[in-house]
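Trainee: Here's my sequence, what's the structure:
(3 chains)
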Amino acid sequence: MGLINLYLIPGIVLGSIYALGAVGLSLIYGVLRFGHFAHGDVMTFGAYATLSAVTLFGLSPLAALPIAMLATALLAILIDRLFYRPFRDHPTIIVVIASFGVALMLRSLVEIFWGADDRTYETGIRRPVAFFDTFMIAPRHIAIIVAAVVLVTVLHFFLTRTRLGKAMRAVSDQPSLARVCGIDLDTVSLWTWVFGAGLAAAAGLFLAIDTQLNPNMGWNLLLPLFAAAILGGIGKPYGAIAGGLVIGLAEELSSFPLFSDRPLVPPDYKTGVAFAIMVAMLLWRPQGLFRGRSFE
Amino acid sequence: MSLLEIEELRAGYGDTEILHGVNIKVEAGELSVIIGPNGAGKSTLIKAIFGIVATHGGRVRFAGGDITGAPPEKLVSMGLAYVPQERNVFPTLTVAENLEMGAFSVREPLVPMLEAQYALFPELERRRRQLVGELSGGQRQMVALARALMTGPKLLLLDEPTAGLSPKVMAEVFGHIRAINGTGIGVLMVEQNARLALEIADRGHVLAAGRNRYSGTGADLLANRQMAEAFLGG
Amino acid sequence: MNALVGYGEYAVSLLTIGGIYAVMALGLNLQWGYGGLFNAGVSGFFAVGAYASAILTAPVTPGHFVGFGLPIIVGIVSAMLLSAVVGWFVGRICLRLQSDYLAMATIGIAEILRLVIDNEIWLTNGSRGIVAIPRPFEDLPGIWRDFAYLGLVAAVVAALYIALELLARSPWGRVMRAIRDNEAAAAAFGKDVASFRLQAFVLGSMAMGLSGALTAHAFKFIGPDATLPLITTFLVWVMLIAGGSANNRGAILGPILIWTLWSATELLTGTLPPEWQIRGSYLRVFLIGLLLQVVLQRFPRGLLPERPPRPPQAERVDAKEG
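Mentor: Residues are numbered from 1 along each chain as shown, chains lettered A, B, ... in the order given. As a prediction, this is how the structure comes out:
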């Protein structure tokens, strides 16, 4: 039971957070063809935007989430206009460098407006709910998992049932043919930012609910997010969701004392697990685990 | 007036000019084929008509309007459609979604267009929920053709539709092209398999070193001994 | 008079740190400017060099593993060798990856090294850092100590500059640029692309390790904060791009200018009222990020652009118009 309560549930929670972040990273890579290194900091911004909505309107963090998602999406569209789009016809690496700069700018903006100290949405200790006497799960973990499932479902419907969502997959799949079909890249990239940044805001909020708000929270997640996106085959949204869950579970389960009373991997090196998986994937299966089955 | 009129068209990549003055006319509903040796600029011509390769001079007129250098979106709305040689389907989309993407730029009701394509390619209807990446080469080519037809074009531009296919599948694809032409849609295609293509074509144009050398009916070109020696491999 | 000495000391320290950044930027220039290799983990190689030299030269303390009390020169040479070894290892694994992936992999390695530095207290003294690292020329009086150290840094920069210029003009340099601009063509000419890239990566890593060692000895202290990606990786990228990548003079000018700018803005924020000082320091970071964007968009080739002209990019422009 300890395995489930202390490792599996936190693993699924962390995995959901990674999935929401990685799916945006993957969508952006698919449509705009660059690794968005400011994605972690977009998450951070989303978490802090929620904080402001919570204090301004007196909402609960989850109720404030739509406002924060909208604000983050608008910010991302602005960033794209100002800093990424000028390089559309340049070598990708220039946009990657620009996104590094944006990462730094976003983080310092958060520090300027909200300060560098750790923050939380509310105070007080919340008790976990016990099911069947031994199965314990904290209410915030239930909320995170349910909300993540809802958001992924919404994304799924967008990608498979709407004209624009299908166009997004088409651009990601075969950009030149998409152009021949008359699919407007500007519209598609706009919606890519709306979904990518909106889901990142949600991931940021969930991370902050699970731990706390900190200006570095998103940057520190960049590595596992990329690991998840690469694991799922970068550019494939469904792969990124699966990849996020795998990386989250792997990180939490890596501290499980399987063979002795000591953790498999020292908890301080949890991030290293994501990194090791990522490097292994890059070297042996750069196309991702789920080849050709990116969508079903 | 012809449906497509190309006058003294010059085009190429960057500073490298590949077409040095091409003159070709395509009549409405005609099945015509462009043949010629490798490097003659056949694919470049198709791409220049569709606005994917930069034109350096000359004119392209379609349905009475000047379309020289016009962007693909505009051409599609005017009734021109294009099937690239490679990467001409969306492999991670289903058959139905591929066709839907073909009609992205037209705001007409989708269902009748879909049904028209399924009538032409019954096999696609059976596989409409399948991912295109899982289909065979011949089936993918069907998807590519059907996708281009979704906008209801007057003229279909095909860039080597049988490249890399087995002789059997090649014959099937030529059959499809004739069927499409049979519905009244004009076809202008580039082909390596000159003989087979000329056999089904109303008209053939021979392109060499960036200029058109001969034009004539398919039968004429096949019968022309000089032509046959030079371009059809004897 | 005292004020004058103060300004003099300030200028000396400015140039010293700027020079150390120039060593780092020259190394990055070899990797990125000439090799087109996107190393986003500069801080990792910097940290390897800094900690290697610090651990080897710090005084022996009973009960502590840290500190071997070896001569400074041994520390510096070992720092270069060790970062070269790490560079070789990382390069062997990661260089076949394309740009974005290479960036990710190198960031990852740098972040893992940061975890190691934070957690392996027996080796690195954790967050408290390594203190009492010896500094050369300590016997000299007053400001001459700092002058002498500046002289050392300047000599290193000059030597590195000459070496890299010779390298850039040699057949080796021409092959590197050929690989960067057209990998397929270079490979078609029978050049061993992977081996050339690895050489550039290892040499660049060595320079980064050297800059780490010079930093540790300059401050007589090294702690995990010095290996934050902002302070090393990011700033050095801004410096190289602003100065002009694939131009070794740019790789020296950029660091000195940007470091002066960075320090000058610190003086400015220092004059703000205390409650604004902390925000001011974040504003500086924001402005450096903005500066990078401006340079990328307005002066993409930097202050001192690469001299031999790159092949024309007419095709790209035409494709856009078409």
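Trainee: so where's the chain shaky on pLDDT?
Mentor: I went with chain A, as the question did not name one. Within chain A, the stretches with pLDDT under 70 are A:1-2, A:123-134, A:259, A:290-296.
Trainee: that's the other chain; I wanted chain B
Mentor: Checking chain B against pLDDT under 70 turns up B:228-234.
Trainee: Tell me, how many residues neighbour the residue of it found nearest chain A?
Mentor: The nearest approach of chain B to chain A comes at B:S105, 3.0 Å away (Cβ to the nearest Cβ). In short, each C-beta sits where N, CA and C put it, glycine included. When neighbours are defined as other Cβ atoms under 10 Å in any protein chain shown, B:S105 has 19 of them.
Trainee: Pull out the buried residues from the helix or strand harbouring C:T215.
Mentor: Assigned by DSSP states H and E, C:T215 belongs to helix C:193-219. Neighbour-count burial for helix C:193-219, counted by 16 or more other Cβ atoms under 10 Å in any protein chain shown, picks out C:193, C:196-219.
Trainee: Which strands and helices lie in contact with the helix or strand hosting C:A264?
Mentor: Using DSSP H and E, C:A264 sits in helix C:250-270. Packed against helix C:250-270 by the contact rule (3 or more Cβ pairs under 8 Å, 6 or more residues apart in numbering or on different chains; DSSP states H and E) you find helix C:2-28, helix C:235-243, helix C:274-298.
Trainee: count of residues packed around the residue of the stretch 151-300 of chain C found nearest chain B?
Mentor: In the stretch 151-300 of chain C, the residue that lies nearest chain B is C:N182 (14.6 Å; Cβ to the nearest Cβ). When neighbours are counted by other Cβ under 10 Å, C:N182 registers 13.
Trainee: I'd like the distance between it and A:A73.
Mentor: 39 Å (Cβ to Cβ, to the nearest Å).
Trainee: How about B:L114?
Mentor: 33 Å.
Trainee: what do you get for A:L221?
Mentor: Taken as Cβ to Cβ, the span from A:L221 to A:A73 is 19 Å.
Trainee: Compare these two (neighbour count), which wins?
Mentor: Using other Cβ under 10 Å, the more surrounded residue of A:L221 and A:A73 is A:L221, with 27 against 23.
Trainee: that's a helix at that one, yeah?
Mentor: Yes. Secondary structure assignment places A:L221 in a helix (DSSP: H, G, I helix; E, B strand; the rest coil).
Trainee: tell me which element the residue lying closest to it once chain neighbours are set aside is part of?
Mentor: Computed as Cβ to Cβ, 6 or more residues apart in numbering or on different chains, the closest residue to A:L221 that is not its neighbour in sequence is A:G40, at 4.9 Å. Using DSSP H and E, A:G40 maps to helix A:39-57.
Trainee: who touches C:V193 in this structure?
Mentor: C:179, C:183, C:186-187 (Cβ atoms under 8 Å, 6 or more residues apart in numbering or on different chains).
Trainee: Pull out the buried residues from those.
Mentor: C:179, C:186.
Trainee: Which stretches in the chain count as helices?
Mentor: Because you didn't say which chain, this covers chain A. For chain A, applying DSSP state H gives helices covering A:2, A:9-32, A:39-57, A:61-79, A:92-114, A:139-161, A:163-173, A:175-180, A:185-210, A:222-231, A:237-253, A:270-284.
Trainee: my question was about chain B
Mentor: B:42-49, B:72-78, B:95-102, B:110-120, B:122-126, B:137-149, B:167-182, B:194-200, B:218-223, B:225-231.
Trainee: Dump stretch C:137-152 to CSV, restricted to CA.
Mentor: The C-alpha coordinates for stretch C:137-152 follow below in CSV (Å, rounded to 0.1, in the frame of the first residue of the first chain):
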residue,chain,number,x,y,z
PHE,C,137,50.6,36.6,-7.1
GLU,C,138,49.4,36.9,-3.5
ASP,C,139,52.8,38.2,-2.4
LEU,C,140,52.5,41.3,-4.5
PRO,C,141,51.5,44.5,-2.7
GLY,C,142,48.1,46.1,-3.0
ILE,C,143,46.6,46.6,-6.4
TRP,C,144,49.5,45.0,-8.1
ARG,C,145,48.1,41.6,-7.1
ASP,C,146,45.0,42.4,-9.2
PHE,C,147,47.0,43.8,-12.0
ALA,C,148,49.1,40.7,-12.1
TYR,C,149,46.1,38.5,-12.2
LEU,C,150,44.6,40.7,-15.0
GLY,C,151,47.9,40.2,-16.8
LEU,C,152,47.6,36.5,-16.5
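Trainee: Which residues does that stretch contact?
Mentor: Contacts for stretch C:137-152 (Cβ under 8 Å, 6+ apart): C:5, C:8-9, C:12-13, C:15-16, C:19, C:135-136, C:214, C:217-218.
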